[in-house]
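Colleague: okay, predicted coordinates and the sequence, questions at the end:
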Amino acid sequence: MEIIKEPEIKEIEERNVAYVSFVGNYIGNSKVFEELFGKLCGWAGPKQLFGPDTHFLSAYYDDPGVTPPEELKLDVCMTIEEDLEVEGEIKKQKLPGGKYVVMRAELTGAEEYGPAWEKVVEWLIQNNLEIDMSRASYEIYLNSPEEHPEKHHILDICMPVV
């Protein structure tokens, strides 16, 4: 794991997203993410919704240290125009913005996600900041690991603070 940019406080804008939800233990389970992204991209591809400003992200609503694994909630999302119609398993929502701690990291694989999140939490504790559990935490994906020469994942980890 390489920290590209140390954690810092940033204002994040709210985003309109299309998403697919999952409830259950997603921790360390890349198959869950592959399936969800497959559904989302399978819906968006024929509609030609991928553009230079499209962002993919995951939204997390629970603290895995407190919530039982089978109750963890996850939304795999992509940014869309506000007036876009969705159907079936694809839903839409506004993801809240606000004050977040943001850390940019380059991970060599799925096993490094947990330790990367731990670094953000450590930074929060060191800086006497409180997590705002009323808003989702995000992973904003900045590349497709399949297109990276070493299959690395480059992302921003965003945790809401009070």
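Modeller: Good, I have the coordinates.

Colleague: name the nearest residue to residue 123, sequence neighbours excluded.
Modeller: Closest residue to residue 123 apart from its sequence neighbours, by CB to CB, 6 or more residues apart in numbering: residue 7 at 4.2 Å. Yep, even glycine has a C-beta here, placed from its N, CA and C like the rest.

Colleague: for the strand or helix carrying that neighbour, buried residues please.
Modeller: Assigned by DSSP states H and E, residue 7 falls within strand 2-12. Neighbour counts using 16 or more other CB atoms under 10 Å place 7, 12 of strand 2-12 among the buried residues.

Colleague: for the nearest residue to residue 72 once chain neighbours are set aside, give me phi and psi.
Modeller: Closest residue to residue 72 apart from its sequence neighbours, by CB to CB, 6+ apart: residue 62 at 5.2 Å. Here is the backbone geometry of residue 62 (degrees, to the nearest 10): phi -130, psi 160.

Colleague: quick one: residues contacting residue 62.
Modeller: Each residue near residue 62 by CB atoms under 8 Å, 6 or more residues apart in numbering is listed here: 71, 72, 73.

Colleague: tell me the contacts of the second one?
Modeller: Contact partners of residue 72, counting by CB under 8 Å, 6+ apart, are 23, 24, 25, 26, 27, 60, 62, 64.

Colleague: from what I see, the fifth one and residue 67 are in contact.
Modeller: In this case it means residue 27. No: contact between residue 27 and residue 67 fails when scored by CB atoms under 8 Å: they sit 10.8 Å apart.

Colleague: how much space is there between the residue lying closest to residue 129 once chain neighbours are set aside and residue 22?
Modeller: The shortest distance from residue 129 to any non-neighbouring residue, by CB to CB, 6+ apart, is to residue 161 (4.8 Å). Separation of residue 161 from residue 22 (CB to CB, to the nearest Å) stands at 25 Å.
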